[in-house]
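Asks: here you go, sequence then predicted model.
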Amino acid sequence: MNSRYTFFCLLFMLTLTACQTTPAKRVDENKTENVTIGFGRTDIQEIVATSYKNFVESNQSTWKPAPKGKPIICIGKVRNQTDEHVDTKMVTDLLRDKLLNSGQVQFTVEKAERATVVDETETQDESGAFEKGAKASNQLTKPQYILNGRFSSIRKKNNDVEELYYAFILKLVHIRKGTISWQSITRIAKVKTRATAGW
């Protein structure tokens, strides 16, 4: 009887131990992350860094307003054409943050936010706050450019090796002219080899 009781007690304790999880810990966000071959934090950082570098080093004199004007940009959509669920908006949000802090460009609110801004300006117009001047709704800044693009990938694998190639393309399009004023392509290649059992 005692042996059966002891056995079940040990089994219960082992079950509890197995169900326990280790506590989460913070890691250095700049440390290279290679948990899987899929898209991850390090890839986002590489895309943002490459796109930013390409932008600030580009020949902006051919399209940047003169003499001290700043290009006014609206963030468009980056189409995800990969087989992974990737939040491309996170990439453009992080890039916008770096570009804003550089002081070289201005951004308007995105299309989804514009309706909220219009509602607020109409409220201000109706309040009479702008009776002596231009209406708030007539003072909204119009973007000159839209930043959009696409995210593509090629995946190949056999029994031993899996290769993954990413291309993240960003384009700055002049809204009135429909011309591409700037483009950046970030290429990322990864390979994963299946571990073989050894003696």
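Replies: Arrived safely, thanks for sending.

Asks: this protein - how does it break down into domains?
Replies: Here the domain assignment for the chain is 41-106+143-194, 109-140, based on automatic domain parsing.

Asks: mind listing what the strand or helix carrying residue 192 pairs with, with the direction of each?
Replies: With secondary structure defined by DSSP states H and E, residue 192 is part of strand 180-193. In the sheet containing strand 180-193, its partner strands are strand 161-174 (antiparallel), by DSSP bridges.

Asks: next, the buried residues of the partner strand.
Replies: 164, 166, 167, 168, 169, 170, 171, 172, 173 (16 or more other C-beta atoms under 10 Å). All C-beta atoms are positioned from the backbone trio N, CA, C, and that covers glycine.

Asks: follow-up on the earlier one: quick one: closest of the domains of the chain to residue 23.
Replies: With respect to residue 23, and counting by C-beta to C-beta, the nearest of the domains of the chain is domain 41-106+143-194 at 20.2 Å.

Asks: what mean pLDDT does the helix or strand containing residue 123 get?
Replies: Under the assignment given by DSSP H and E, the secondary-structure element containing residue 123 is helix 111-127. Mean pLDDT, computed over helix 111-127, is 71.

Asks: for stretch 77-90, same thing?
Replies: Confidence over stretch 77-90 (mean pLDDT, whole number) is 94.

Asks: any idea how far residue 105 is from the spatially closest residue to residue 107 that is not a sequence neighbour?
Replies: Counting by C-beta to C-beta, 6 or more residues apart in numbering, residue 107 lies nearest to residue 73, which is 5.3 Å off, once chain neighbours are set aside. From residue 73 across to residue 105, the span is 6 Å (C-beta to C-beta, to the nearest Å).

Asks: good, we can wrap up now.
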